[in-house]
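S.K.: Okay, here's the prediction I keep looking at, along with the sequence it came from:
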Amino acid sequence: MRRSVHGFTLVELMIVVAIIGILSAVAMPAYQNYSVRAKVSEVILALSSCRTKITEVYQSGGSAPGAGNWGCESTVGSRYAAGVTTDDDGVATVTLTNIAGDVNGKKITLAPLIAGAPAVAASDMGKGVTSWSCGGSGTDLGLKYLPSSCRGI
């Protein structure tokens, strides 16, 4: 009489469980960082309205509106942005919320540049903003959470 063997041995099952455990231990931190970066990207995209308004104010000339008066402080529509402030030169700073414990309360800055140099409202009104620096001075969020397009360039 011959017996037919079906199924897996205990050793084979333990090897599969160990492999799944190792893969989970490696994948979970990477997924969590990816999730935070995606939410931060949404905040930066929401700041585009601020970027547009500040650019328009610089190009229109006249006198600088001053800190908190650039017209975009309340228009950022993201559930991950607690608030936006602007300084005298139009540097927008957003405070993060509803993302993750160590990220909440952190700040990201978006600064206007004219010909590669930081814009100065006292002397640059009437000039066109040529580019923006994201994640520069004033940003206290870790680099691993910033999208690659927003790392101080």
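M.R.: Structure's in. What do you need?

S.K.: is it true that Cys150 touches Cys134?
M.R.: Yes - assessed by C-beta atoms under 8 Å, Cys150 is found in contact with Cys134 at 3.8 Å. C-betas here are computed from N, CA, C, even on glycine.

S.K.: which strand in the chain runs the most residues?
M.R.: Counting by DSSP state E, the longest strand found in the chain is strand 107-114.

S.K.: Going along the chain, name the strands of the protein.
M.R.: Taking DSSP E as the test, the strands found in the chain are 81-86, 92-96, 107-114, 117-118, 131-134.

S.K.: Leu23 is nearest to which of the ones you listed?
M.R.: Among the strands of the chain, the nearest to Leu23 by C-beta to C-beta is strand 92-96 (30.2 Å).

S.K.: Distance check, the residue nearest to the spatial centre of the chain against Thr95.
M.R.: Centroid-nearest residue in the chain: Val40, 3.2 Å away (criterion: C-alpha atoms, centre = their mean). The gap separating Val40 from Thr95 is 12 Å, by C-beta to C-beta, to the nearest Å.

S.K.: Show me which residues of the longest helix along the chain are buried.
M.R.: Counting residues, the longest helix found in the chain (DSSP state H) is helix 10-46. Buried residues in helix 10-46, defined by neighbour count with 16 or more other C-beta atoms under 10 Å: Val36, Arg37, Lys39, Val40, Ser41, Val43, Ile44, Ala46.

S.K.: Quick check: the last one touching Gly77?
M.R.: Yes - under the criterion of C-beta under 8 Å, Ala46 lies in contact with Gly77, with a separation of 5.7 Å.

S.K.: so what's Lys144 closest to, chain neighbours aside?
M.R.: Nearest residue to Lys144, sequence neighbours excluded (C-beta to C-beta, 6 or more residues apart in numbering): Asn33, at 5.9 Å.

S.K.: Next one: that neighbour relative to Pro147, how far apart?
M.R.: For Asn33, the distance to Pro147 - C-beta to C-beta - is 11 Å.

S.K.: now Gly90
M.R.: Using C-beta to C-beta, one gets 22 Å for the distance from Gly90 to Pro147.

S.K.: try Glu12
M.R.: 43 Å.

S.K.: one step back: as JSON lines, the strands of the chain with mean neighbour count and distance to Pro29 would be great.
M.R.: Converted to JSON lines, the strands of the chain look like this (neighbours: other C-beta atoms under 10 Å; distance: least, C-beta to C-beta, whole Å):
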{"stretch": "strand 81-86", "mean neighbour count": "18", "distance to Pro29": "25"}
{"stretch": "strand 92-96", "mean neighbour count": "22", "distance to Pro29": "19"}
{"stretch": "strand 107-114", "mean neighbour count": "20", "distance to Pro29": "22"}
{"stretch": "strand 117-118", "mean neighbour count": "12", "distance to Pro29": "35"}
{"stretch": "strand 131-134", "mean neighbour count": "18", "distance to Pro29": "25"}
